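Novice: give me a model of this one.
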Amino acid sequence: VVVHGFEHATKSKSEAWKQHKTVLKQFLTDFTSETSMSLALYMVLHKPIRDHIEQYILLLTKLNEVLKEGSEKDVVTSAIKEYVKLESFISQVLDEACFTKSLWKSLSYKFTDMLCVPERRLLEDSKNLPISASTNRSDRILLFDDVLVVIQGNSFQSFDLKLVWVDENCREKSAPGPYVLRIVTPEETFFLSAKDPQIKAVWQWKLNQAVRQALNGKRDFPLWGETGEGNEPPSCRFFTYVFRLDGKFKSATYEGEWHWGKPHGKGTLKWHDGRNHVGDFKEGLEHGFGICLVPRRSEDRYDCYKCHWYEGRMRGYGICEYGNDMVYKGYFKNNVRQGFGILENHSAEHPFKYTGQWENDKKNGYGVWEDKDRGERYIGTWLDDHKHGQGIVVTQSGVCYQRIFHADKMVGSGILLLEDDSVYEGNFTEDLMFVGKGKLSFANGFTLEGTFTNKSGQGLQTHGILNTSNEQLDERITKAQLGLEEFPVEKRWKGIYDQFLEFIHSGCKEETEESFMGFHIQTSKELRKSQEYLFCQRGTEDVSWKIEDILEELVQHQGQKSLQSYLEKALKSSLHPLGKLLKALMIAFQATYSGIGANRHLLTMAQEEVKYYAKKIWEFYQGLLHLALEQKGQLPAKFVDGDTSDEKAGSVVLPLILPCFYPELFMLYMLYHEREDDLYCQGIVDLSLFPDIKLLEFLDVQKHLWPLKDLTLTTNQRRSLIKDKCFLSATECLQKLITTVDPREKLVILQKTYEEIESTVSRVVEKDYKLPMDDLLPLLMYVVSRAKIQHLGAEIHLIRDLMDPTNQGGLYDFLLTALESCYEHIQR
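Specialist: The predicted structure follows:
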């Protein structure tokens, strides 16, 4: 700028010259008109400052010679060094400026208009050190302190040095020759090839220095110093860039971390249309966790995907909050919903919830649909977003039917189970009107078979035969269990198990854990709070559940006792893989059987499912253990007890997971036994009117076994009127049956009750007494009638279904059978 300014001033005959002629003449005393302009400027502007610095260096050097060894000498030495640097810095800067000035003179206006910026300096020119670029035919390559410019004919390309990577060791086949540098930029990669290794080395060194200085934002001092600053620029950088070329990110702005020309690490992508993506990148693609906002076309709303990405596509677990108030929580693959997922509509118009399998972005396979408007729940198979195949519909009123569906429409005949125990087999409409041929069986055993018609205002009409000969409907019909052949338990919720087993096959890597098994955080409020977790570690529970630690612990807790307590702890944690699996299964179970789904015709389906869960959790545990041992190089031990995995699952896992499913499951047992339990309660009420002695007599308990000593009298009481004193300890023991969930513990309580009865009898007859079955039954009936346990039928049936299979045929089995016969007697 200064040089140009002086040249301009000398050309114009301005007033300034005339006014200051005398002063200027003093400056120029040594010059004649023949002296060249540049020499004159050099004498006036450069020489004085250089002489000045030289004098300082001389002065300091003399001073240095006189000083004794000590602190001042060090200070002076370092000052001399700095001045020497300054001296070389000035000459380098001037050389650079001259080099640059001559370039601007040699280039055509077309280029200088675009490239000529006052503070820009030329560092190297391919005319000076020959090198050529592989992009088409390049005429010239210019390295400035901020950009690298490749000139081709009438056009040029410039590359910001902050995003230029220089690779010297390119072994690529396409490299044009032996002495080649590969230049990597965000959207282009090209080669610079030199004639000999020396030229290549100089260009490489200059390029690296220039890139490093551009990244630091300041030049070195002196410019090409030997101060160890020759280190290479970092390969990881942070920068903002707008993509220009066609491709996935065209016209998007990326701000974030880079590595060798590609977005890599944390970053943010923004498009003009409002789309943006914040998250992890790997080698130029979204990879890892990311949050993506996509604007909806019509309204001012966004779809928000919080999901795991794999090589640029959504894959694994994610939560999508759509702009139309729907929320999907589940698995994705190749950007579409695939695998297990829950779609919920929170809007007021059609609230619904679908829990089940997805394929190719549509509902496909087994799933549960709850229509909150109609108060219905459909449990069954789907095809391309339609109910298709076998299905069970449960309604709020307690009606339940099973039909075949075809593209959302019911086809063929079905079975309709009404809440008053009557059953209709045949064709019916969605509003549960009977049409066409059918058979209606009433609870009292009557059957009506014929053709049904529905005319508006005339009610139900039928032509057919009424059969009144049967006494009562068969239990197989009134308590028919649905869905067992149609939906075998292995086919339900495959999507959940698949993800967890795949996690094991993939080797349980820490970074993929969430993509297979869901986020550590449950609600969207917590998720929002944790959005800063893109840039920081997640909070964890007190116990560390890092995958390596988990696998380590699994190996340590293989013994029967420690395994039990380890599994208990793991299943309770929402961070442990086993706990996560249990949580997912709880969601699926509640979606099917809680609320509207509480219907006695689904009991066997539910009970089978819980047993199968235990089996799957045990399999998953075995898989994790196997992997842990493999990583340690050990072979898994075979179980010494010779247990099959089913038995192990039944005895170890089932009791631990049962509390999670107990409320829904027990509700189904209670509904199933509603009629019997009502009769039994009536029986209990009748028996409770008897005083103790009368009841013992009524139940045919042998006289010598009556514990009359327990009936202590006050003066005005008759012995025959006393209640609730006999076998009190046994009665209190049996009442604890309802305080526990675990079938094992319930059986232990039953055994203790039996022991209490025996010890009371032994006290009465004053010797050890083993009760024969004939004596036990009346006594047990006495205890049961006094214990007044609600829903005893449901309790017995639950124990029978879920007890450890190894107990069959033993003492527990015998006692349970005795309890069952008491239950039946009391009903009668």
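Novice: got phi/psi on the nearest residue to residue 612 once chain neighbours are set aside?
Specialist: Distances taken as C-beta to C-beta, 6 or more residues apart in numbering put residue 489 closest to residue 612, at 4.5 Å, once the chain neighbours are dropped. All C-beta atoms are positioned from the backbone trio N, CA, C, and that covers glycine. Backbone torsions for residue 489, taken as degrees, to the nearest 10, come to phi -60, psi -30.
Novice: residues in contact with residue 489?
Specialist: 605, 608-609, 612 (C-beta atoms under 8 Å, 6 or more residues apart in numbering).
Novice: how near is it to residue 483?
Specialist: Counting by C-beta to C-beta, to the nearest Å, the separation of residue 489 from residue 483 is 10 Å.
Novice: quick check: neighbours shared by these two?
Specialist: In contact with both residue 489 and residue 483: residue 605, using C-beta under 8 Å, 6+ apart.
Novice: can you give me the pLDDT of the closest residue to residue 419 other than its chain neighbours?
Specialist: Closest residue to residue 419 apart from its sequence neighbours, by C-beta to C-beta, 6+ apart: residue 398 at 3.7 Å. Note on residue 398: pLDDT of 82.
Novice: tell me the secondary structure at residue 398.
Specialist: coil (DSSP: H, G, I helix; E, B strand; the rest coil).
Novice: which phi and psi does it have?
Specialist: Main-chain torsions, residue 398, degrees, to the nearest 10: phi 100, psi -10.
Novice: number of nearby residues for it?
Specialist: Residue 398 has 16 neighbours, counted by other C-beta atoms under 10 Å.
Novice: now do the contacts for residue 432.
Specialist: Residue 432 sits next to 399, 401, 416 when contact means C-beta under 8 Å, 6+ apart.
Novice: quick check: closest non-adjacent residue to the one residue sitting closest to the centre of the chain.
Specialist: Among the residues of the chain, the one closest to the centroid is residue 518, at 2.4 Å (C-alpha atoms, centre = their mean). Distance criterion C-beta to C-beta, 6+ apart; nearest residue to residue 518, sequence neighbours excluded, is residue 317 at 4.8 Å.
Novice: did I read that right, the one you found in a helix?
Specialist: No - under three-state DSSP, residue 317 sits outside any helix and is assigned strand.
Novice: that one pairs with what?
Specialist: residue 331 (DSSP bridges).
Novice: pLDDT score assigned to it?
Specialist: 87.
Novice: same check, this time on residue 40
Specialist: pLDDT, residue 40: 71.
Novice: wait, a helix at it?
Specialist: Yes - counting by three-state DSSP, residue 40 is located in a helix.
Novice: what is the neighbour count of it?
Specialist: 16.
Novice: strands along the stretch 1-150 of the chain, start to end?
Specialist: 122-125, 132-133, 140-144, 147-152 (DSSP state E, counting those that start in this stretch).
Novice: average pLDDT for the first one?
Specialist: On average, the pLDDT along strand 122-125 is 84.
Novice: quick one: distance of it to the chain centre.
Specialist: From the chain centre to the centre of strand 122-125 is a distance of 52 Å (C-alpha atoms, centre = their mean, to the nearest Å).
Novice: quick check: buried residues in it?
Specialist: 122-125 (16 or more other C-beta atoms under 10 Å).
Novice: and which of those residues is nearest residue 583?
Specialist: Nearest to residue 583 among the buried residues of strand 122-125 is residue 123, at 61.1 Å by C-beta to C-beta.
Novice: and of the strands of the stretch 1-150 of the chain, who's closest to residue 201?
Specialist: strand 122-125 (12.5 Å).
Novice: now for the closest one, which elements pack on it?
Specialist: helix 71-106, strand 140-144, helix 197-216 (3 or more C-beta pairs under 8 Å, 6 or more residues apart in numbering; DSSP states H and E).
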